[in-house]
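In: Would you be able to build a 3D model of this:
(chains A, B, C and D)
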Protein chains: 4
Amino acid sequence: MKRKIRMGMVGGGPGSFIGAAHRRAAGLDGLIALVAGCFSGDPAKSAQTGRELCLDPSRVYPDYRMMFAEEAKRPDRIDFVSIVTPNSSHFAIAMAALEAGFDVMCDKPMTTTLDEAKQLRDKVRETGRLFCLTHNYTAYPMVREARQLIAGGELGTVRKVVAEYPQGWLAEAVTPDNKQGLWRTDPAKAGRSCCMGDIGSHAANLTEYVTGLKITELCADLAAVVPGRRLDDDGTVLLRFDNGARGVLMASQVSVGEENALAIRVYGTKKALEWHQESPETLIVKSNTGDQQVLRRNWAGRGAKWSRLPAGHPEGFFEAFGNLYSDMARAIAAREAGEAYTSEFPTVDDGVRGMAFIASVLAGAASADKWYKMEA
Amino acid sequence: MKRKIRMGMVGGGPGSFIGAAHRRAAGLDGLIALVAGCFSGDPAKSAQTGRELCLDPSRVYPDYRMMFAEEAKRPDRIDFVSIVTPNSSHFAIAMAALEAGFDVMCDKPMTTTLDEAKQLRDKVRETGRLFCLTHNYTAYPMVREARQLIAGGELGTVRKVVAEYPQGWLAEAVTPDNKQGLWRTDPAKAGRSCCMGDIGSHAANLTEYVTGLKITELCADLAAVVPGRRLDDDGTVLLRFDNGARGVLMASQVSVGEENALAIRVYGTKKALEWHQESPETLIVKSNTGDQQVLRRNWAGRGAKWSRLPAGHPEGFFEAFGNLYSDMARAIAAREAGEAYTSEFPTVDDGVRGMAFIASVLAGAASADKWYKMEA
Amino acid sequence: MKRKIRMGMVGGGPGSFIGAAHRRAAGLDGLIALVAGCFSGDPAKSAQTGRELCLDPSRVYPDYRMMFAEEAKRPDRIDFVSIVTPNSSHFAIAMAALEAGFDVMCDKPMTTTLDEAKQLRDKVRETGRLFCLTHNYTAYPMVREARQLIAGGELGTVRKVVAEYPQGWLAEAVTPDNKQGLWRTDPAKAGRSCCMGDIGSHAANLTEYVTGLKITELCADLAAVVPGRRLDDDGTVLLRFDNGARGVLMASQVSVGEENALAIRVYGTKKALEWHQESPETLIVKSNTGDQQVLRRNWAGRGAKWSRLPAGHPEGFFEAFGNLYSDMARAIAAREAGEAYTSEFPTVDDGVRGMAFIASVLAGAASADKWYKMEA
Amino acid sequence: MKRKIRMGMVGGGPGSFIGAAHRRAAGLDGLIALVAGCFSGDPAKSAQTGRELCLDPSRVYPDYRMMFAEEAKRPDRIDFVSIVTPNSSHFAIAMAALEAGFDVMCDKPMTTTLDEAKQLRDKVRETGRLFCLTHNYTAYPMVREARQLIAGGELGTVRKVVAEYPQGWLAEAVTPDNKQGLWRTDPAKAGRSCCMGDIGSHAANLTEYVTGLKITELCADLAAVVPGRRLDDDGTVLLRFDNGARGVLMASQVSVGEENALAIRVYGTKKALEWHQESPETLIVKSNTGDQQVLRRNWAGRGAKWSRLPAGHPEGFFEAFGNLYSDMARAIAAREAGEAYTSEFPTVDDGVRGMAFIASVLAGAASADKWYKMEA
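Out: Here you go, the predicted model:
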């Protein structure tokens, strides 16, 4: 690459977990420079984060619309916008960024309704900008390896999928100092779902990504387990896929003692595979006819394309996340250079799919009928 | 004990897996002597097994009714009958054994219908005999430790349970040499269910045993995945418990690569626990507030009551199974000695409960409504 | 087999751990009947154990010499003697049993000196009796599978071996109620070594068994870590093998928190393997060129020859131990039937080798020179 | 921090593994900007790496002495030098950097001889500059947690340590395209040791860091296993510590199938702990009296001080490495601001200690005496 790609961030002010994660991910490969930001709706807080990041104060903005307008005028304008605000504002910010001519990295869930998601998809198509939805878990090397194995027929026909995402951090009523917990359990900021929107959607995306299948029907059981909670904090969804396979998707934020235990098991006619996010370097492959295999990142060439370190030198969350950012940077650079480039990041279509999943789970959970057809 | 308790076996002839397992379990602690048997409906095969076991030929019978009649006359008559035949014959044999005055160890599922199960329960009450249903997995020391932890309030209130039992051995059509597979997939011998009857019922029993809760409602999705199969070989059941907790129960015989991966996770308001049958010596306890704990059999007194070896000297399947047999032997000896004794083995009531579960799952799976009330 | 093989036991009275283990192992496959015993040097204790085992009182002896003399006269005399006394008496009992015409199963270490071991070897050859030394850990199916893999050249040439056997149970001074600890730390009963004699010898035997190599030189560091202890409770030995390979053998009884963590890793020019006694059903095979493999007992035929249960139905310590006893029983039956039979149990030669190892470690540890030639 | 700390790098040109790792580590927290470099002794290669990193070409130097001279004149001069060249040049570059007034981050081993190490230590003291030796493995949060547990007396008195570092990547003769392998096995570039210098020194540093003990004597067995190799590629060292504890340190580069399996086990009088670099987020604590504990990064406050992500969001190699760089950046900023700051990074004294270890191991290995006193 001839130059560093320039990023502006919306959100990620004091106390933000995901904003800091995005920044580290963006910086990991030295391809991207964070040069502008509107880090909070509170101008003082935005400025504070700007100072902590040693940014040029003139490029730290009190309002994202102002950022887009001002940056658009500069010769060294930002190339893309990274959106890391609470869910309810993703839509408006992304629409504005696209309209201002910027490529977009957007945290998930993409919007709060399926209708907004479709509008955003149309806007992406209309503007021709690049749009990456940061379903970061699909960027782990061994998840991509899993997808390749299945696409290559190694498992035979997929018959059954078990996806799960248990966490325990919302097992009690949220206290006022828990900024993360407060907005996620607040319908005004998080949208109509907490658990399924926040983490169930990751599990659904992982499922469709790894298997290459599409969910067609589902049977959902959602619960607000903690007394007084207004959104779901636990749920299980039975799945049917477009090839006839069955699945189970479990998500929970009240599973005490669980950290961030996203996992997937896929059973085909010939082989099965298993991956656990908390041990992301390993992919287990089993069959009825041979010994179990443990595939390791960057060993025997596994996942090497998406690796930065030799096997046994643990990579983790930031590296997977960084794969998305670097992919975006390379896509922008290639476009500038007039070179062909095939990106692998999740797109606005994944976002539409995710919102359709959430909408379907909510509608299905509200129904006394067993099966609900997936929204399209 | 003053003398060895005498056992007669029905079933367990040439090629039987579970018969040999029962025999080893029965012999493990030196409390029980196998002295009689009707090992097959084919007299030649019954005799063959009798010879292999070095039994007195006069006590190897061609017919179980004859065994009960002849043994009843002997001064050294068998104390109890072990029933290890295919499911469809359990009922008749158990009824006959009870009526002949013998205590009974019966493999599960207890019968093929809920109605039979209730008749058998009534017969047990009427005769006053001891009846143990060999839900062997609940006899693992660390499963019993788990039950005690929950009963003692260590987990707080149980909110969620995930029970699973994946196997892969029936992932393809059964070949003629697979005796085990043939009868289990044959409605005439196995009853109305294969997967749920054979292993789903173990998972349900384990769930109620460990948590002390009762399933009240369920939502079932069953499948006959392998083309041409006439009974279910895979299924998932959403659960509601009598305290309002939710659960998921997955069972499968088409999960290629899986051996015998029965497992349970229980999440309470304070702590969670996790146990895996393939690593039965370990029980994991987690919470949101402290370090994860790994409880090990016979370490720091854990499960010592049901152990034969120090920690780190692996016990397994036979030892758990043996806990049931030795419990039965001690109960018989105590009765003979006029001593008080509290057995811990699963009883005919567990059998009724299991048949109610299977009946409810089958009915629920056939319904378009989401929830089905558990049969009582 | 036409009849059960008859066993007489010496040792294994009240409070004995290893005696009960031998009895369960002997009974596991229904091939052996315990019919006589001298369970303690204290006649009352011997009788007590005999009663607990429901033995014919006339065959429970106060003295092992009397047992051998009396049994030798009976038509239904015992076939073999199982010796499970403290180490210091193995030699005399085994010599007497052989001279009385009995086959012998002897716990290890075989004797307390290398000279005794050689005398015993000569006696075995002279009498032509069967002699099995119960190095039970080499009878685990996946250990035998490991041996076969190496013998078959799967690993290439062995270059390095790491064997370890950490336990924690002797980390503090032994209290008077700890019968096991008392005799093992008492030079008068255990011989000249505690840790190396008791468990280091298992690790050495496992090493030579699995690799097929012989230790030729060693460099030993022994310690009596606990204040006041008179025998070693911890040690490390550097090894050289007859093919030039190197090794490390660690044994410890003061490694707090460790249960019975015998393990071995073998590195060849092509592949490596790894086995852990506390997870005995699994053998890990690695290489530089392919994915890691997890070999499981009775999966894809692995170790099936020495298995009683399908994969995923855990076998453990008793089953491995039982492989030795059943092998002995089959060898006796084959001899009686005039049939050819190749036993796989460890023999008196393994016992001589073990005593040579202990003698060499003790001599090497006492030397200021780095390397000590292994006694032959 | 008011400004980003400016870094210049020596080494890390095309094909360098460790150079790229240092750069990512340095950039991880946004505290450090790489602004200058001499990436290769070959000016064209140095320039190529500079371009790839989007550096100002005028600050990409063909010679490190020129870099130090030119940078020293600039108002925006680099704050510190990162040295990531092959071992043999560390000494000269570090001396020059210190003399030019720069703080230094230096890869290990620090020098090729103990004498050089002492000279460098004297130079650091004379110049008063900051010097960090990148023993990155001790910067993992759970390693620091381990050190704190031991320092706080949780384990009681340490009695035994087992440290190991097996790798397999040098199991065959190095091919010409393996740049990493070539210089490490070449005495002219790597110094007098390959395996012990490269990775044994990490294990020794980890041992002393975690336990707080000092090695006082050792007994070493080194080997050049691969035919034709001129430096050690495998070795085991028995250890004695200043409190009387014993230890074993194993390092190998010919253990086929092993990735980067650095691990340590420490046994005290009360508890033991265990850590594995390939699963760095977990620290296992055991005792004889209670259940095993699994301590997880950022769970229940464990290691939170050195964490960037919640528990269950895997951190790895870069994050540990980054802890060293950010510590250096904060130390420089604090000095500039006149604030007190206590750094935790390894210093030139650790480097002297490491070279003393290597020198002692080499001398000890060459001796026929068992024990060798550690150089001071």
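In: now the strands for chain A?
Out: Applying DSSP state E to chain A gives strands spanning A:5-11, A:32-38, A:80-84, A:103-106, A:131-133, A:158-166, A:215-223, A:234-241, A:246-252, A:263-268, A:271-276, A:282-287, A:292-296, A:372-373.
In: quick one, phi/psi of the residue located most distally from the centre of chain A?
Out: Residue farthest from the centre of chain A, counting by CA atoms, centre = their mean, is residue A:289 at 35.9 Å. The phi/psi pair for residue A:289 (degrees, to the nearest 10) reads phi -110, psi -10.
In: From what I see, it and residue C:300 are in contact.
Out: Yes - with contact defined as CB atoms under 8 Å, residue A:289 reaches residue C:300; the gap is 6.4 Å. The way it works is simple: take the backbone N, C-alpha and C, and place the C-beta from them, glycine included.
In: near chain D, which residues of the stretch 151-300 of chain A?
Out: A:167, A:169, A:258-261, A:277-281, A:296, A:299 (CB under 8 Å from any CB of the partner chain).
In: can you rerun that using 7 Å?
Out: A:259-261, A:278, A:280, A:296, A:299 (CB under 7 Å from any CB of the partner chain).
In: what does the stretch 1-150 of chain A put close to chain D?
Out: Counting by CB under 7 Å from any CB, the stretch 1-150 of chain A sits next to chain D at A:3-4, A:21, A:23-24, A:27-28, A:30, A:53-54.
In: quick one, what contacts residue A:339?
Out: Residue A:339 makes no contacts at all, as judged by CB atoms under 7 Å, 6 or more residues apart in numbering or on different chains.
In: what does residue A:134 give?
Out: Counting by CB under 7 Å, 6+ apart, residue A:134 touches A:105-108, A:321, A:324.
In: Most widely separated two among those residues?
Out: Taking CB to CB as the measure, those span a maximum distance of 13.4 Å, between A:106 and A:321.
In: Compare the two (neighbour count), which wins?
Out: residue A:106 (26 against 23; other CB atoms under 10 Å in any protein chain shown).
In: nearest spatial neighbour of the more buried one, skipping sequence neighbours?
Out: Using CB to CB, 6 or more residues apart in numbering or on different chains and skipping the chain neighbours, the partner closest in space to residue A:106 is residue A:83 (4.5 Å).
In: pretty sure residue A:72 is touching residue A:99, no?
Out: No - applying CB atoms under 7 Å, one finds residue A:72 not in contact with residue A:99, separated by 10.2 Å.
In: List the buried residues for the longest helix along chain A?
Out: Among the segments of chain A that qualify as a helix by DSSP state H, the longest is helix A:317-337. Across helix A:317-337, burial judged by 16 or more other CB atoms under 10 Å in any protein chain shown covers A:317-333.
In: Which strands and helices lie in contact with it?
Out: strand A:5-11, helix A:17-27, strand A:103-106 (3 or more CB pairs under 7 Å, 6 or more residues apart in numbering or on different chains; DSSP states H and E).
In: could you dump these to a markdown table with mean pLDDT?
Out: Listed next are the helices and strands packed on helix A:317-337 as a markdown table, based on pLDDT from 0 to 100:
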| stretch | mean pLDDT |
| --- | --- |
| strand A:5-11 | 98 |
| helix A:17-27 | 94 |
| strand A:103-106 | 98 |
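In: What parts of the stretch 151-300 of chain A come near chain B?
Out: A:159-160, A:162, A:168, A:171, A:219, A:221, A:223, A:225, A:234, A:236, A:238, A:246, A:248, A:250, A:252, A:254-258, A:267-268, A:270-272, A:286-288, A:292.
In: so which of the residues you listed are also by chain C?
Out: Within those, those near chain C by CB under 7 Å from any CB are residue A:292.
In: what residues are up against residue A:203?
Out: Going by CB under 7 Å, 6+ apart, residue A:203 touches A:163-165, A:249, A:251, A:262.
In: Most widely separated two among these?
Out: A:249 and A:262 (11.0 Å).
In: What residue, apart from its backbone neighbours, is nearest the residue of the stretch 51-200 of chain A found nearest chain C spatially?
Out: Across the stretch 51-200 of chain A, no residue is closer to chain C than residue A:145, which sits at 10.7 Å (CB to the nearest CB). Excluding the flanking residues, the one nearest residue A:145 by CB to CB, 6+ apart is residue A:303, at 4.6 Å.
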